[in-house]
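A.B. asks: Dropping a prediction and its sequence here:
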Amino acid sequence: MEFLSELTQNNIAAFLLLLLRFAGLFAFFPFFDNQLISTNIKGALVFFCAVLFFPLVPPMQYDWTLVEFMIAGGMEILLGFCVGMVLQFVFSAITFGGDLMSFSMGLTMASAYDPVSGVQKPIIAQVIALLALVLALSLDFHHGLFILVAQSFHALPLGTFALQDQFVQYCVNAFGSMMLVGLAMAFPVMAVLLLSDVIFGMIMKTNPQFNLLAIGFPIKIAIGFVVLMMIVGSIMYHFKLQTSEAFEFIKMMFWSVN
């Protein structure tokens, strides 16, 4: 009977909006959008999180019409899309840098199925992306999501999200910086391999018997791996900084809506 007394119109509306907020976050948030996780497990996890976080939701009056409630639910899903998009730019920069390294090393055709994203990716890009994901998890990347949701109930009540101009401006700037950051990550490997191409060209001019296909390409790949091992720590450090900046923008976006 006590449970039935809690089934009021406001509580049901708040629970459904909270369910949609978690559904949007889990659908677009990096790591939780893993293709290896089945839809049933994602749905069960969304429902469990909604039940777990429901006591933290402040009481509100949801005297909306059906159309207004559907719009509020759509905006909750849009909130998850915006949060996931901000963080996806950071991971896309890592992937873009890995693609440039693979192209420079001549390993573009050495692609494999990526079970996380469900598409074909070069091996170098997959390795760097997985390292970035492990680093994010070691830094409580996933716990930060739950803390962010718990703190957003008062700063951004359920059903009150509205798309701001600052988000569109951030996406435009983040898309440009994604290219720059990816190029900066891959630049040491690209520069050293370009220098090696110049050296191989000079060797072939002075010694035409030099077989570039049999000798030059394996040496070039080995040089690329050596340089990559030397700079992978710097790449992960910049990834950590980019992730922190993305979380700071998400918090600012939450707190500046109302």
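C.D. replies: Great, that's in hand. Quick caveat: nothing in here was measured; it's all calculated off a predicted structure.

A.B. asks: Is V90 in contact with F249, as I believe?
C.D. replies: No. In this structure, V90 is not within contact of F249 by C-beta atoms under 8 Å, at 10.7 Å. Every residue, glycine included, has its C-beta placed from N, CA and C.

A.B. asks: Which stretches in the stretch 51-200 of the chain count as helices?
C.D. replies: For the stretch 51-200 of the chain, applying DSSP state H, counting those that start in this stretch gives helices covering 66-105, 123-138, 141-155, 165-206.

A.B. asks: give me the low-pLDDT residue ranges for this protein?
C.D. replies: Residue ranges of the chain with pLDDT under 70: 1-10, 33-37, 62, 107-120, 210, 212-213, 254-258.

A.B. asks: Please determine how far the residue nearest the centre of it is located from A246.
C.D. replies: Nearest residue to the geometric centre of the chain (C-alpha atoms, centre = their mean): Q88, 3.0 Å. Q88 is 9 Å from A246, where distance means C-beta to C-beta, to the nearest Å.

A.B. asks: can you check N11 too?
C.D. replies: As defined by C-beta to C-beta, N11 lies at a distance of 33 Å from A246.

A.B. asks: Between the two, tell me which one has more neighbours.
C.D. replies: Neighbours around N11 and A246, counted as other C-beta atoms under 10 Å, are more numerous at A246. The numbers are 20 against 15.

A.B. asks: From F91, how far off is that one?
C.D. replies: 10 Å.

A.B. asks: ok, now G97?
C.D. replies: 11 Å.

A.B. asks: Who has more neighbours out of these two?
C.D. replies: Neighbour count, other C-beta under 10 Å: between G97 and F91, G97 has more, with 28 against 22.

A.B. asks: so that one touches L131, yeah?
C.D. replies: No. The criterion here is C-beta under 8 Å, and G97 misses it with L131 at 11.8 Å.

A.B. asks: What residues sit buried inside stretch 49-64?
C.D. replies: Neighbour counts using 16 or more other C-beta atoms under 10 Å place C49, A50, F53, V57, Y62 of stretch 49-64 among the buried residues.

A.B. asks: That one: end-to-end distance?
C.D. replies: 25 Å (C-alpha to C-alpha, to the nearest Å).

A.B. asks: what's the distance between that stretch and the middle of its chain?
C.D. replies: 27 Å (C-alpha atoms, centre = their mean, to the nearest Å).

A.B. asks: go on, stretch 20-38?
C.D. replies: The answer for stretch 20-38 is 11 Å, by C-alpha atoms, centre = their mean.

A.B. asks: Report how many residues lie close to the closest residue in space to Q88 that isn't next to it in sequence.
C.D. replies: Excluding the flanking residues, the one nearest Q88 by C-beta to C-beta, 6 or more residues apart in numbering is P30, at 6.2 Å. Per other C-beta under 10 Å, the neighbour tally for P30 reads 21.

A.B. asks: still on that earlier bit, now the two most distant members of the buried residues of stretch 49-64.
C.D. replies: Using C-beta to C-beta, the buried residues of stretch 49-64 span at most 20.3 Å, a distance reached by C49 and Y62.

A.B. asks: Quick check: the gap between F153 and E248.
C.D. replies: 19 Å.

A.B. asks: Next: K205.
C.D. replies: Counting by C-beta to C-beta, the gap from K205 to E248 is 53 Å.

A.B. asks: can you check A27 too?
C.D. replies: 23 Å.

A.B. asks: Could you do F225 as well?
C.D. replies: As judged by C-beta to C-beta, F225 and E248 stand 35 Å apart.
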